[in-house]
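A.B. asks: Show me the folded form of this:
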Amino acid sequence: MATTHFAAVDLGATSGRVILSTISDGKIALEEIYRFPDPIIEMQGHFYWDLPAIYQSVIKGLSKIAERGVKIESVGIDTWGVDFAFFGKDGGLLRLPYCYRDPHTVGAPEKFFEKMPREKLYQKTGIQIMNFNSVFQFDTLRRNGCSALEAADKILFIPDALAYLLTGEKVTEYTIASTAQMIDPRTKQWDADILNVLGLTPEHFGRMIQPGEQIGVLTKEVQRLTGLGEIPVVAVASHDTGSAVAAVPAADEEYAYLSSGTWSLMGIESKEPIISEESFAMNFTNEGGIEGTIRVLKNICGMWLLERCRAEWPEMDYPTLIAEAEAAEPFRSLINPDAPCFANPASMTEAIAAYCRATSQPVPESIGQYTRCIFESLALRYRQVVSMLRELSPVAINRLYVIGGGARNNTLNQFTANAIGIPVETGSSESTAIGNVMMQAKWAGVVDSIGDMRRMIRESLDEKQCFAAQDSAVWDAAYAKYLKIYINM
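C.D. replies: Sure thing, here's the model as predicted:
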């Protein structure tokens, strides 16, 4: 097999990276070429993304690849979901895009439900209700008389906006659009009723494309700025979770995945959307995936809990922190990680302490006790969500794949296996970038299908591990305790 190179632009909500990937002898290798902040600007009472600065950073990263003299086949872009930019009839950016953290959508869903009931919106889209979803952003901007919305000729989601700045082509990539809560997952097109409520039409957006389609090629200006040639830009699963799930190293369909990081996303890959009274009650979402699949998943508060605690503690590396947790007493204190009190407290340790006091449990007294409380509570929450998934899934769930940064947390992964009672296997901690690259490789003909992609990913993994369930009776008792705490709060 010939050696091929691809560039992945992988943007998270705090930092971005330009990554050079090499595929050779049936294996994938990644090298981070340039890392940069994704700046959020607080200005006149709002929070904005500095899109021009992000664009300049992407240009710089691509320039560094050109300086190496490496011939890349294409460029792919993935980012967080829901946010978008407005462009005028002359093609110019009308205003910096709002950040989903902006408080202007607090209470926005209830305003929208005056025009379309909650249940109807869910039945149409299968997307869980979150106040920052694009549908509520658009409705808020319309109610507030946003001049940029009024003047917009095209509305492009963040990865599509960057692709436009690189190529001059205005498209809407399906997986990122699916996060907006405005797409019918059955037809994979805009829902006319929702657009009508918002005063929008399909013409406000770029042409709809699927992962694996070419968007365009770098403009002459970008070629000059980067030193690259007429390189294609290819649509990947441009929602970062879509790219991460594309890199699950599964060999069959009988599995669930856990994209584990600051936030945890647990779900299954389905051929059809799962939209029912049960999925609505459980607040599961149906987001677009590659090759026409649907990512049926639930958002879970993840390592956010620990990261916020760490900000209050003396500096301690992760191995020491985990060793402290392993030495602490098991199941001394448990919490519901998704309780509203943990969303953004001034002090996470005090929020956990208050939760324990309210549920008549011992308050953690040491760093190890806090950390063990978080790990065990996450594992038990994962068990709860797996049980929900089993009610919804059309196939058996016999294995859980952990991808993302959490794939390296052996202690949490062992706890998770113990809690859910099925094997836990790890994928790559770089799953988002790998999924981005593999969709480009599929476009280039290096692989033919999702099965080929995942086979190559499995063969490339050096860090994979498998954790078998242990101490089932002990964890069953802990789960019973967790459920009482969950119900009583």
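A.B. asks: CA only for contacts and neighbour counts going forward, please
C.D. replies: Will do.
A.B. asks: Is it correct that Val234 is in contact with Glu73?
C.D. replies: No: at 9.7 Å, Val234 and Glu73 do not qualify as touching, with contact defined as Cα atoms under 8 Å.
A.B. asks: Packing partners of the helix ranked longest in the chain?
C.D. replies: Taking DSSP state H as the criterion, the chain has its longest helix at helix 367-392. Judged by 3 or more Cα pairs under 8 Å, 6 or more residues apart in numbering; DSSP states H and E, the packing partners of helix 367-392 are strand 263-270, helix 277-282, helix 304-310, helix 318-327, helix 410-420, helix 472-488.
A.B. asks: Now distance to Ala180 too, for the ones you listed, in CSV please.
C.D. replies: Below are the helices and strands packed on helix 367-392 laid out as CSV (distance: least, Cα to Cα, whole Å):
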stretch, distance to Ala180
strand 263-270, 17
helix 277-282, 17
helix 304-310, 24
helix 318-327, 36
helix 410-420, 31
helix 472-488, 30
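A.B. asks: At the geometric centre of this structure, which residue do we find?
C.D. replies: Note on the chain: the residue nearest the mean C-alpha position is Thr241, at 3.3 Å, using Cα atoms, centre = their mean.
A.B. asks: Just give the nearest non-adjacent residue to it, would you?
C.D. replies: The shortest distance from Thr241 to any non-neighbouring residue, by Cα to Cα, 6 or more residues apart in numbering, is to Thr432 (6.9 Å).
A.B. asks: and the residue nearest to the centre of the chain, what element?
C.D. replies: Using DSSP states H and E, Thr241 maps to helix 240-246.
A.B. asks: And the next helix or strand past that helix?
C.D. replies: Sequence-wise, the next helix or strand downstream of helix 240-246 (DSSP H and E) is strand 256-260.
A.B. asks: what are the pairing partners of that next one, and which direction each?
C.D. replies: Partners of strand 256-260 in the sheet, by DSSP bridges, are strand 263-270 (antiparallel), strand 400-403 (parallel).
A.B. asks: Output the last one as PDB, restricted to C-alpha atoms.
C.D. replies: Once non-C-alpha atoms are left out, strand 400-403 reads as follows in PDB (Å, rounded to 0.1, in the frame of the first residue of the first chain):
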ATOM      1  CA  LEU A 400     -18.500  -1.100  25.700                       C
ATOM      2  CA  TYR A 401     -15.800   0.800  23.700                       C
ATOM      3  CA  VAL A 402     -14.200   3.800  25.500                       C
ATOM      4  CA  ILE A 403     -12.600   6.400  23.200                       C
END
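A.B. asks: now it: how far from the chain's centre is it?
C.D. replies: 14 Å (Cα atoms, centre = their mean, to the nearest Å).
A.B. asks: Which residue of Val234 and Glu73 possesses the greater neighbour count?
C.D. replies: Val234 (28 against 18; other Cα atoms under 10 Å).
A.B. asks: Need the pLDDT of the residue nearest to Thr241.
C.D. replies: Listed pLDDT for Thr432 reads 95.
A.B. asks: secondary structure element for it?
C.D. replies: helix 431-443.
A.B. asks: name the helices or strands packed onto that helix?
C.D. replies: strand 4-11, strand 75-78, helix 240-246.
A.B. asks: Of the strands paired with strand 256-260, flag the one that's most buried.
C.D. replies: Ranked by mean neighbour count under mean count of other Cα atoms under 10 Å, the strands paired with strand 256-260 are led by strand 400-403, which reaches a mean of 28.
A.B. asks: Mind listing residues that contact it?
C.D. replies: Contacts to strand 400-403, defined as Cα atoms under 8 Å, 6 or more residues apart in numbering, come from residues 244, 248-250, 255-260, 413, 422-431.
A.B. asks: From those residues, list the buried ones, please.
C.D. replies: Buried subset of the contacts of strand 400-403 (neighbour count, 16 or more other Cα atoms under 10 Å): 244, 248-250, 255-260, 413, 422-429, 431.
A.B. asks: Thr22 against Phe6, yeah?
C.D. replies: Yes: at 6.7 Å, Thr22 counts as touching Phe6 under the criterion of Cα under 8 Å.
A.B. asks: Looking at these two, which has the bigger crowd around it?
C.D. replies: Between Thr22 and Phe6, counted using other Cα under 10 Å, Phe6 has the larger neighbour count: 24 against 18.
A.B. asks: close enough to count as contact, that one and Val70?
C.D. replies: No: using Cα under 8 Å, Phe6 is not in contact with Val70, being 9.6 Å away.
A.B. asks: What confidence value was assigned to the residue located most distally from the centre of the chain?
C.D. replies: Distance from the C-alpha centroid of the chain peaks at Ser360, with 35.0 Å (Cα atoms, centre = their mean). Per-residue confidence at Ser360 stands at 95 (pLDDT).
A.B. asks: tell me the phi and psi of it?
C.D. replies: Taking degrees, to the nearest 10, you get phi 60, psi 40 for the backbone angles of Ser360.
A.B. asks: I'd like the distance between it and Pro330.
C.D. replies: Distance, Ser360 to Pro330, using Cα to Cα, to the nearest Å: 17 Å.
A.B. asks: go on, Ala473?
C.D. replies: Between Ala473 and Pro330 the distance is 14 Å, computed by Cα to Cα.
A.B. asks: which residues does Arg408 contact?
C.D. replies: Thr426, Ser429.
A.B. asks: For the closest residue in space to Thr411 that isn't next to it in sequence, report the pLDDT, please.
C.D. replies: Spatial nearest neighbour of Thr411, chain neighbours left out: Ile322 (7.3 Å); criterion: Cα to Cα, 6+ apart. For Ile322, the pLDDT comes out at 95.
A.B. asks: now swap in the one 5 residues further on and tell me
C.D. replies: The pLDDT attached to Ala327 in the predicted structure is 97.
A.B. asks: Enumerate every residue touching it.
C.D. replies: The contact partners of Ala327, by Cα under 8 Å, 6+ apart, come to Gly368.
A.B. asks: How about Tyr255?
C.D. replies: With the criterion set at Cα under 8 Å, 6+ apart, Tyr255 makes contact with Ile268, Ala396, Ile397, Asn398, Arg399, Leu400, Tyr401.
A.B. asks: Hmm, the fifth one is touching Val424, no?
C.D. replies: The reference is to Arg399. Yes: the criterion here is Cα under 8 Å, and Arg399 meets it with Val424 at 6.0 Å.
A.B. asks: which of the residues in stretch 481-489 are buried?
C.D. replies: Those would be Tyr482, Leu483, Ile485, Tyr486, for stretch 481-489 by 16+ other Cα under 10 Å.
A.B. asks: Which of the residues you listed sits closest to Ile77?
C.D. replies: Proximity of the buried residues of stretch 481-489 to Ile77, judged by Cα to Cα, is greatest for Tyr486, which lies at 39.0 Å.
A.B. asks: okay but that closest one is in contact with Asp338, surely?
C.D. replies: No: look at Tyr486 against Asp338 with Cα under 8 Å: they stay out of range, at 9.6 Å.
A.B. asks: just so I have it, where are all the helices in the stretch 1-150 of the chain?
C.D. replies: Along the stretch 1-150 of the chain, counting by DSSP state H, counting those that start in this stretch, helices occupy 51-67, 108-113, 118-125, 134-143, 147-151.
A.B. asks: Pick the most buried one from those.
C.D. replies: helix 134-143 (a mean of 20).
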